[in-house]
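A.B. asks: Please find the sequence and the predicted model below.
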Number of protein chains: 2
Amino acid sequence: MINGAFIPVDEAKIHITDLSILRGFAIFDYFRVRRGKAVFMEDHLERFFRSARLIGLNIPYEQSEVQGMIEGLIKKNGLEKFSIRLQLTGGYSDNGFEPATPNLFLLSLPFPNLPEKFFKEGWHVMTYKYQRELPEVKTTNYLTGIQILPLLEENDADAVLYHDGTHIRESDRSNFFIVNQEGVLVTPKDKILLGVSRKITLKVAQGVLKTEERDITLEELRSAKEMFLTSSTKPILPVTILDGKEVGNGKPGPVTTQLMELFQRYLEDYLGKA
Amino acid sequence: MINGAFIPVDEAKIHITDLSILRGFAIFDYFRVRRGKAVFMEDHLERFFRSARLIGLNIPYEQSEVQGMIEGLIKKNGLEKFSIRLQLTGGYSDNGFEPATPNLFLLSLPFPNLPEKFFKEGWHVMTYKYQRELPEVKTTNYLTGIQILPLLEENDADAVLYHDGTHIRESDRSNFFIVNQEGVLVTPKDKILLGVSRKITLKVAQGVLKTEERDITLEELRSAKEMFLTSSTKPILPVTILDGKEVGNGKPGPVTTQLMELFQRYLEDYLGKA
């Protein structure tokens, strides 16, 4: 769907003068559709509109109109399970630099079925020094994340963990949590993208253990008992190897496992609502 | 021209699963065509291929083949004066993240006719703290440069000058030079894009004055006698106001003016060659 019009995915093209292509000037959001319902749509729409504001783009639709497009797309597709990418670009610029009327598109994508193995064995994460530009905005800039893919492969790593030399931040497409030596669930809150799954993880953790949103030093990271990633595709994925070394006993920890179950229950409740 | 096929500009579209759109993963180069000849094409092609290597993309053509496309496009257009943007993207990715076969396109654009006023009066430049990501690569990432356009307008500035708190780097689409108190022409050499016009400016300055490629502190910047920007569209443009204060007597300086003439002569010689 481009600017409100349904277009078969194969024919979904945009002109090469769009600022997303020429200048990487675009924001997006992404969510799953389960049982014909857009998962945590309100949170994603809110963030999408916030990203647009922060970068200075005006979405030429009300939030309720975009919600109507999402619902229309789900109906049109007639699928119970898939995913949607919502993207806003700087539009077809006259001079190739200044934003014009933004282009909005909704792209239907397959449902992200991560192998069961990932959740049982956990991922290997590798630290890397890098600070995302405009971190609070969900921009389309993944230059570094993609450029270092060969480095991750060399190091047998499934994902990266960015840090600034002192504090850790986030992965390329996920937020990051640790259970520290004191048994506190800690996740960074500054200079990161505030993920929807991150927010829900913090919510379901209430009553289970103490939570803190604050900077995490590389030292605290190295001594953590458990760690995991969160994102809309995962939503909680254990990390069992950090920079080649086992985390805890090298298996998904009890807190992580419990939070995965609680998240799943929360999701079921959400989907069960009218 | 997309992947070697001529396409009218109006119909030049790419599919929205291209990594330039989804993940800002693309590099480009840009040059002018004068008297039917691509200006400094060899330098631009060399940099284009270097950008691709640095970011891990393989251009699916030899340099001579891309040169042939440029010459074909000039012939097809039948224009004496226009400009060409050469761009390579991460291609249509299967999983929306890992690069696939890159897409190469050549986009014909109008010739950049900057008003004579700019060269007579010079530009107002405003300093701003920011370090470009992968600065040696000509990526399509202009997030910050575009995001701060309203700030530039508020401050009546024509262009930005990035610095890291200590040293200046470059403008968003230009390199930066100063003539310092000692009458030396100085331009940064690290953490910047190595511009083609920058290289030629240094070349034509030989024999005119002493040149240095090294870091420039904000302090040295403030005390400079002259300053100017270089890029393929300008190629040398005087800067007469820095952060609201006049540079020298607020008019283009004698060294800048002389270099503009020498650059022009160098260009004429280039165009005159077979």
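C.D. replies: Arrived safely.
A.B. asks: Quick one: residues contacting A:K37.
C.D. replies: Residues in contact with A:K37 (Cβ atoms under 8 Å, 6 or more residues apart in numbering or on different chains) are A:I74, A:L271. Placement of C-beta: from N, CA and C, glycine included.
A.B. asks: give me the beta-bridge partners of it?
C.D. replies: For A:K37, the beta-bridge partners are A:R34 (DSSP bridges).
A.B. asks: Apart from its chain neighbours, what residue comes closest to A:I7?
C.D. replies: Of all residues not flanking A:I7 in the chain, A:M1 sits nearest, at 6.5 Å (Cβ to Cβ, 6 or more residues apart in numbering or on different chains).
A.B. asks: Could you check the pLDDT of that neighbour?
C.D. replies: Model confidence at A:M1, given as pLDDT, is 84.
A.B. asks: swap in A:A5?
C.D. replies: For A:A5, the model assigns a pLDDT of 86.
A.B. asks: Identify the bridge partners of it.
C.D. replies: On the basis of DSSP bridges, A:A5 is bridged to A:I2.
A.B. asks: thinking again about what came up before, for the residue nearest to A:I7, the count of nearby residues, please.
C.D. replies: Counted with other Cβ atoms under 10 Å in any protein chain shown, residues neighbouring A:M1 total 20.
A.B. asks: Could you report the neighbour count for A:T166?
C.D. replies: 10.
A.B. asks: Which phi and psi values does the closest residue in space to it that isn't next to it in sequence adopt?
C.D. replies: Leaving aside its chain neighbours, A:T166 sits nearest to A:T217 (6.2 Å; criterion: Cβ to Cβ, 6+ apart). When read as degrees, to the nearest 10, the backbone of A:T217 gives phi -80, psi 160.
A.B. asks: A:T230 now?
C.D. replies: Dihedral pair for A:T230: phi -130, psi 140, per degrees, to the nearest 10.
A.B. asks: Quickly list what it is bridged to.
C.D. replies: Assessed by DSSP bridges, A:T230 has beta-bridge partners A:N175, A:I236.
A.B. asks: again, but for A:F105
C.D. replies: Listed by DSSP bridges, the beta-bridge partners for A:F105 are A:I2, A:Q87.
A.B. asks: Hmm, A:A12 and it touching each other?
C.D. replies: Yes. Counting by Cβ atoms under 8 Å, A:A12 is a contact partner of A:F105 at 7.0 Å.
A.B. asks: Looking at those two, which one has more neighbours?
C.D. replies: More crowded of A:F105 and A:A12, by other Cβ under 10 Å: A:F105, with 23 against 18.
A.B. asks: for that one, what are its contacts?
C.D. replies: Applying Cβ under 8 Å, 6+ apart to A:F105 gives the contacts A:M1, A:I2, A:N3, A:A12, A:I14, A:L86, A:Q87, A:T89, B:I16.
A.B. asks: I'd like to know which of those residues is nearest to B:T233.
C.D. replies: Set against B:T233, the nearest of those by Cβ to Cβ is A:T89 (23.4 Å).
A.B. asks: The closest one contacts A:I14, correct?
C.D. replies: Yes. Applying Cβ under 8 Å, one finds A:T89 in contact with A:I14, separated by 7.5 Å.
A.B. asks: Now the common contact residues for those two.
C.D. replies: Shared contacts of A:T89 and A:I14, defined by Cβ under 8 Å, 6+ apart, are found at A:S20, A:N103, A:F105, B:I21.
A.B. asks: Mind giving me the PyMOL command for buried ones among the contacts of A:F105?
C.D. replies: In PyMOL syntax, the buried subset of the contacts of A:F105 is picked out as below (16 or more other Cβ atoms under 10 Å in any protein chain shown):
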select buried, (chain A and resi 1+2+3+12+14+86+87+89) or (chain B and resi 16)
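A.B. asks: Now distance to A:R198 too, for the contacts of A:F105, in TSV please.
C.D. replies: As requested, those are exported to TSV (distance: Cβ to Cβ, whole Å):
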residue	distance to A:R198
A:M1	28
A:I2	30
A:N3	31
A:A12	30
A:I14	31
A:L86	19
A:Q87	21
A:T89	26
B:I16	27
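A.B. asks: For the residue nearest to A:I7, which residues are in contact?
C.D. replies: So, once contact is read as Cβ under 8 Å, 6+ apart, A:M1 ends up touching A:I7, A:M69, A:G72, A:L73, A:F105, A:L106, A:L107.
A.B. asks: Could you rerun that using 7 Å?
C.D. replies: By Cβ atoms under 7 Å, 6 or more residues apart in numbering or on different chains, the contact set of A:M1 is A:I7, A:M69, A:L73, A:F105, A:L106.
A.B. asks: Give the other helices and strands that the helix or strand harbouring A:F177 contacts.
C.D. replies: Per DSSP states H and E: A:F177 is located in strand A:175-179. If contacts are counted by 3 or more Cβ pairs under 7 Å, 6 or more residues apart in numbering or on different chains; DSSP states H and E, strand A:175-179 sits against strand A:185-187, strand A:226-230.
A.B. asks: Spit out the contact partners of A:T139.
C.D. replies: Here A:T139 is in contact with A:A26, A:I27, A:I55, B:L143 (Cβ under 7 Å, 6+ apart).
A.B. asks: distance of the last one from A:R32?
C.D. replies: Counting by Cβ to Cβ, to the nearest Å, the gap from B:L143 to A:R32 is 27 Å.
A.B. asks: Please say which of the two ends up with more neighbours.
C.D. replies: Counted by other Cβ under 10 Å, B:L143 and A:R32 do not tie: B:L143 has more neighbours, with 24 against 20.
A.B. asks: Correct me if wrong: the more buried one contacts A:R132.
C.D. replies: No. Look at B:L143 against A:R132 with Cβ atoms under 7 Å: they stay out of range, at 10.4 Å.
A.B. asks: Not counting its neighbours along the chain, what's nearest the residue of the stretch 151-274 of chain A found nearest chain B?
C.D. replies: Closest residue of the stretch 151-274 of chain A to chain B, Cβ to the nearest Cβ: A:R173 (7.7 Å). Using Cβ to Cβ, 6+ apart and skipping the chain neighbours, the partner closest in space to A:R173 is A:S231 (5.7 Å).
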